[in-house]
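> What follows is a predicted protein model with its sequence.
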Amino acid sequence: MAFSDSLHTLGRTSLPMKLFDLAAALVTLAAVFGYINYRWLRLPATIGVLTLALLASGAALLLDVLVPSAGVREAATSLLHGVDFHAALMHGMLCFLLFAGALHVDFGDMRANGWGVAVLSTAGVLISTVLIGLGLSLVLGMIHQPLPLMVCLVFGALISPTDPVAVLGLLRDLRAPRDMTALMAGESLFNDGVGVVVFVGCAGLAGIGSPQEARIVPDFAHLALFFIRQVGGGLMLGAVIGYLGYRALKSIDYHPLELLITFALVMFVYGLSFACQTSGPLAVVVAGIIVGNPGRKWAMSPNTRLYLDAFWSMTDEILNAVLFLLLGLQALAIPWRPGMLWAGLMIVPVVLLARLVSIVAPMAVVPLSNARPGLAAMLTWGGLRGGISVALLLSLTDFPGKELLFEVTYIVVVFSILVQGTTMPRLLSRCGWTAGGPAPGVSR
């Protein structure tokens, strides 16, 4: 049976079996790509797996162009039909990705620049969202494919958050300084949480979010209250549940149960956040920092820490690889147009410039202590787009222009992983951030 025939058969199976078979195929491919990278490519683990996933989807797109009779696009469309990406991504995978990243952030190092992280991850996200939204609106107007400004702002909100897992994994593999790794990872984690809140608000106002998001009232007072409730409530909820989890871990010393507690904590705090109408991503991030810092130091034995790191590192890599493989499947189902390639290439510098402005402007107001030379350049170029942007994009409801947003997002993410990710070692060396580099200074 041909591969496309197999996919068509899978698309006709019942939804539970289709979901299982789809998950099995994605996880198997993730393992294969990880093996290929480890044996031959030798890229940093996160970049290697994601690069192979993107290349595989590109190869499938090329096959569809060269051999239309293979039916690759039709098979991908049939396979994805009926899958609820909003539930799977926004109410499932996202919380585990954020918790896994938060576990590995050193709170002591991040606290030295706490105000800087707070400003970068709030004002910075808002600045980036507006600039990218306006830039996309201008670019699409130039190619005569206009979209409403609010939809362009939705794109700005989903592409502004950087991927903490990719950022943290890359810096760790490249042996970047600990204090700067904590700063970049902390900023990435919290800009994810804030970015999701901004995304939900913009999607609701644009009428392309979930039914709950569509009820957001478009006036300043309601938007301000929504933002305060989501952000403040998420931080408080995460702190309370994270502390309860810490106390539970401290009272026992049995690593299988402790791993189960961390797993249950993520699901409980994320589910409770929806009932409380607060930000689940921010709640998960705060809970993860508590478990990963005082929890790791005072509530876990060395044996438990070893198992905890292994379990959540595996979760990181599997979920990120699966998300990018899903992105590849979606890419196969979208009819690509030549004009959209140019739109994507034109928006890449817009995204990078917006990222730079969203870093430099807040840092001018709240200078970072112990900032190293080249920090603004590292935060800009090292702000990789990955699983979070993919999850937010795939969670949107169908609307005119979604295919266009998908194509632009795909190109930005591919550039981020293949170009920014693979050139980070050279930039790290040029900025003197390699092991044994210069002492911290005040220059940016």
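Yes, it's here. Residues are numbered from 1 along each chain as shown.
> for L393, what are its contacts?
Contacts for L393 (C-beta atoms under 8 Å, 6 or more residues apart in numbering) come out as 158, 405-406, 409. The C-beta positions use only the backbone N, C-alpha and C, and glycine is treated the same way.
> again, but for G116
By C-beta under 8 Å, 6+ apart, G116 lies in contact with 183, 362-363, 366-369.
> in the stretch 1-150 of the chain, which ranges drop under the pLDDT threshold?
1-18, 46, 82, 85-86 (pLDDT under 70).
> returning to what we had before: the contacts of L393: which two are farthest apart?
In the contacts of L393, two members sit farther apart than any others by C-beta to C-beta. They are L158 and F406, at 10.8 Å.
> more crowded one of these two?
L158 (28 against 21; other C-beta atoms under 10 Å).
> That one and F199 touch, don't they?
Yes - the criterion here is C-beta atoms under 8 Å, and L158 meets it with F199 at 5.3 Å.
> Common neighbours of the two, please.
Both L158 and F199 are contacted by L392, under the criterion C-beta under 8 Å, 6+ apart.
> returning to what we had before: tell me which of the contacts of G116 has the lowest pLDDT.
Here the lowest pLDDT out of the contacts of G116 sits on S369, with 71.
> In this model M110 seems to touch that residue, though I could be wrong.
No - in this structure, S369 is not within contact of M110 by C-beta under 8 Å, at 11.7 Å.
> who has more neighbours, these two?
Taking other C-beta under 10 Å, S369 and M110 do not tie; M110 has more neighbours (23 against 13).
> The more buried one: what secondary structure?
Here M110 is recorded as helix under DSSP: H, G, I helix; E, B strand; the rest coil.
> Find the nearest non-adjacent residue to it, please.
Of all residues not flanking M110 in the chain, G186 sits nearest, at 3.9 Å (C-beta to C-beta, 6 or more residues apart in numbering).
> need the contact list for that neighbour.
By C-beta under 8 Å, 6+ apart, G186 lies in contact with 105, 110, 113, 117, 121.
> Can you pull up the most central residue in this structure?
Of all residues in the chain, the one closest to the mean position by C-alpha atoms, centre = their mean is I388, 2.2 Å from it.
> Quickly find the element holding L257.
helix 255-276 (DSSP states H and E).
> ok, how many other residues are close to the nearest residue to W298 once chain neighbours are set aside?
Setting aside the residues directly before and after it, W298 is nearest to K250 in space (C-beta to C-beta, 6+ apart), at 6.5 Å. By the measure other C-beta under 10 Å, the count of residues near K250 is 14.
> thought K250 was touching A299?
Yes - counting by C-beta under 8 Å, K250 does reach A299; the two are 3.7 Å apart.
> if I read this right, V49 contacts F33, doesn't it?
Yes - the criterion here is C-beta under 8 Å, and V49 meets it with F33 at 5.0 Å.
> higher neighbour count, these two?
Shown here are V49 and F33; by other C-beta under 10 Å, V49 has more neighbours (30 against 23).
> now for the strand or helix carrying the more buried one, which elements pack on it?
Element membership for V49 (DSSP H and E) is helix 45-66. Using 3 or more C-beta pairs under 8 Å, 6 or more residues apart in numbering; DSSP states H and E, the elements in contact with helix 45-66 are helix 15-36, helix 72-80, helix 164-173, helix 302-333, helix 402-415.
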